[in-house]
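1. Here's my sequence, what's the structure:
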Amino acid sequence: MPLESGESSEVRGEGLRTRPVTSIAFSPDGRTLASTHKGGEAGIIRFWDVATRRRVELLPPLDLEIYIVAFSPDGRALATAYDSTVILWDTAARESVAHLKHEGAVVGMSYSPDGKLILTGGHSGAITLWDISTRPQPAKTREVSGSTKKVMAVAFSPDGQSVAACFEDGTVKMWDKELNDERVLAEGGEAGDLPPSTTLAFSPDGRLLAVGLRKDFDDADPRVHFGGGFIRLWRIRTEGGGPRLEELPPLKGHRGDITSLAFSKGALTLYSSSDDGAAKLWDTISFREVVSVLDETTETTASAFSPDGRLLASGDERGNVRLLRSATKDEIKTPSR
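-> This next block holds a predicted model:
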């Protein structure tokens with residue numbers, strides 16, 4: 001689902017142009033876009049109506065350093081993270097309904113597909129599972145120490161049966177939905193000597209897991225050293241009641257650190273960005289690069305496809321949030337940003 005030439009627009013909020021985007025998310029119905037921005041004395045969260053590109057007030061004004069936002073699967077609630085606290089909000093009532101206290105600053109957060117659980121990961125390396133169906137008193141059901149290094153990203157698989165996390169030392173792990181049955185996909189640190197991980201994403205059909213890595217790594221092993229950031233891929237098959245994973249050849253071509261990953265609705269396209277200003281689209285059947293765009297004036301820091309796959313939203317280091325319309329492969333034109 002490559003990008004059409006010229007089919008882009010920006011949504012802007014007052015005072016945000018110099019605040020880097022830290023997370024971006026569509027509501028499940030695709031009508032609302034949320035972004036969080038850091039900078040100044042506090043983080044900022046903003047919401048836009050996708051159709052009109054105008055701001056909407058989904059939450060009351062917040063004097064909090066909010067750097068991550070996630071919508072619940074039914075769209076009736078959302079979660080925001082600041083420092084070591086996650087706040088759950090009722091979007092209809094525009095009020096908070098619960099607080100979750102994580103060990104260390106929260107840097108990764110994910111709802112389960114049924115909306116009953118939230119997964120958090122933080123600077124301490126801890127992964128925590130919360131049962132939020134019991135709100136206003138959510139219960140911490142399980143916590144594991146995934147690594148001695150901080151968590152970079154966490155996610156539930158689309159079927160809700162597995163969770164994955166990547167860490168600053170390059171470690172990548174998976175667990176079942178209850179944080180048991182740990183599997184090490186990549187051993188980081190001194191044991192594995194891999195470059196640091198930056199982000200991860202499951203494909204919507206659950207058949208692929210993508211993990212982005214940094215570029216500043218010097219090693220003689222040609223499997224992991226390409227002179228730039230790259231993407232590791234695992235194919236996931238469910239057999240015998242559990243997932244079976246097969247690592248695929250990595251996607252290489254970025255010169256900088258991978259900063260964001262997003263799969264399209266049909267899982268036929270993977271979007272990636274890096275801190276050198278490059279953005280790429282990959283065909284997930286042939287695993288070949290189909291579109292590459294370079295904007296050396298800024299870097300994309302967060303991205304997401306709309307639920308229907310028709311829009312790609314991206315936020316950058318300068319605080320811009322862009323919306324681009326998708327096209328079919330036969331409609332590829334010279335891309336522009």
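2. can you map out the helices along the chain?
-> In the chain, the helices defined using DSSP state H lie at 189-192.
3. Pretty sure residue 274 sits against residue 301.
-> No. With contacts defined as CB atoms under 8 Å, residue 274 does not count as touching residue 301, sitting 10.6 Å away. C-beta coordinates here come from the backbone N, C-alpha and C atoms, glycine included.
4. more neighbours, the two?
-> Legend: neighbour count by other CB atoms under 10 Å for residue 274 and residue 301, higher for residue 274 (27 against 22).
5. which residues touch the nearest residue to residue 197 once chain neighbours are set aside?
-> Spatially, and ignoring its direct neighbours in sequence, residue 197 is nearest to residue 166 (3.6 Å; CB to CB, 6 or more residues apart in numbering). Listed by CB atoms under 8 Å, 6 or more residues apart in numbering, the contact set of residue 166 reads 151-153, 172-173, 197-200, 211.
6. just residue 100 next, same as before
-> In this structure, residue 100 makes contact with 85-88, 118, 120, 130, 132, 138, 140, judged by CB under 8 Å, 6+ apart.
7. again, 7 Å this time
-> 85-86, 118, 120, 130, 138 (CB atoms under 7 Å, 6 or more residues apart in numbering).
8. how much space between it and residue 31?
-> Distance from residue 100 to residue 31, counting by CB to CB, to the nearest Å: 27 Å.
9. With residue 133 instead?
-> As judged by CB to CB, residue 133 and residue 31 stand 25 Å apart.
10. ends of stretch 305-315, how far apart?
-> When the termini of stretch 305-315 are compared using CA to CA, to the nearest Å, they are 12 Å apart.
11. any idea of the mean pLDDT in that stretch?
-> Here the mean pLDDT over stretch 305-315 is 94, rounded to a whole number.
12. what does it rub up against?
-> Counting contacts by CB under 7 Å, 6+ apart, the residues outside stretch 305-315 that touch it are 1, 3, 21, 24, 26, 28, 30, 33, 35, 262-266, 271, 273, 300-304, 321-326.
13. Inside strands: which ones of the residues you listed?
-> Secondary structure from DSSP state E places 3, 21, 24, 26, 33, 35, 262-263, 271, 273, 300-304, 321-326 of the contacts of stretch 305-315 in strands.
14. buried subset of the residues you listed?
-> When burial is judged by neighbour count using 16 or more other CB atoms under 10 Å, the buried members of these are 3, 21, 24, 26, 33, 35, 262-263, 271, 273, 300-304, 321-324, 326.
15. Cool, thanks, signing off.
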